[in-house]
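Student: Fold the stuff below for me.
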Amino acid sequence: MTQRIEKDFLFDTAIHFENGFYINQYQITLSMLVNTDVIKEHNIALERIHYFISHRIQSGLFIEENESKAIQKYKAAGINICTLPDEPHDQIISMVLLTKFNAITENKLIITDLILGSTFSEGVKFHTVSEIAEDIIDQHSSKWWNCATICMEDSKLENSGEDHKIIELFSDDAWEKLDLGFSKKGKKANQKLDHNT
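Tutor: Got it, this is the predicted structure:
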């Protein structure tokens, strides 16, 4: 039986907009369908979202992906960069985050709606549904928001003759290292070996 749940999140993230640096506070509400009968998987999916927000986006910076010079400067300053397909307006951020959350929960939760408001939106909240986000946001597999890893930038294409290989900025193993892996092939991805035997 599918069950609908909601969860609220609050985070502070900077934005690079029109050559300026601004701090913005965001509040989001996720409306989700639980798509697993395994309670542990449902909890892991929620923890992945929480981790991504609190350890990747929190205190990072939203910036349009074409701002290459500014991106390099922010990286040199040690700031977590979250690239976007357009300027960091709330509508774009909401669509990208909804798509990313659906990728990292790996179909254990299905985020159907995301409501996002921010300090700069002055009380206006943007209600985004997954179908609209999927129609507008690029669905190519090299885009970070379509990837189940903890990355916030696109994978890089490595030129090796005629073949192109995708270089992953973060592997799926990152979730296992955080004890947030899902069971694979009948084994628990986050199971640890008993060294006492």
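Student: From now on I want contacts and neighbour counts done on CA atoms only, so please keep to that.
Tutor: Noted.
Student: quick one, helices of this structure?
Tutor: 39-51, 68-76, 90-104, 130-136, 173-177 (DSSP state H).
Student: other SSEs contacting the second one?
Tutor: Where contact means 3 or more CA pairs under 8 Å, 6 or more residues apart in numbering; DSSP states H and E, helix 68-76 is packed against strand 81-84.
Student: which residues are in contact with the strand it packs on?
Tutor: Strand 81-84 has contacts (CA atoms under 8 Å, 6 or more residues apart in numbering) with 57, 60-65, 71, 74-75, 92-93, 96, 152-154.
Student: cutoff 10 Å now
Tutor: With CA atoms under 10 Å, 6 or more residues apart in numbering as the test, strand 81-84 has contacts from 13-15, 56-57, 59-67, 71-72, 74-75, 88, 92-93, 96, 137, 143-145, 151-154.
Student: on that earlier part again, can you tell me which of the helices of the chain the model trusts least?
Tutor: Per-segment mean pLDDT for these reaches its minimum on helix 173-177, at a mean of 82.
Student: what's the offset of that helix from the middle of its chain?
Tutor: Put simply, helix 173-177 sits 15 Å off its chain's centre (CA atoms, centre = their mean, to the nearest Å).
Student: what stretches of this protein score poorly on pLDDT?
Tutor: Filtered on pLDDT under 70, the chain yields the residue ranges 1, 155-172, 184-197.
Student: and if we set it to 50?
Tutor: Applying pLDDT under 50 to the chain picks out residues 1, 157-170, 185-197.
Student: Enumerate every residue touching the residue most central in space within it.
Tutor: Centroid check for the chain by CA atoms, centre = their mean gives residue 100 as the closest residue, at 3.9 Å. By CA under 10 Å, 6+ apart, the residues touching residue 100 are 49, 52, 94, 111, 143-152.
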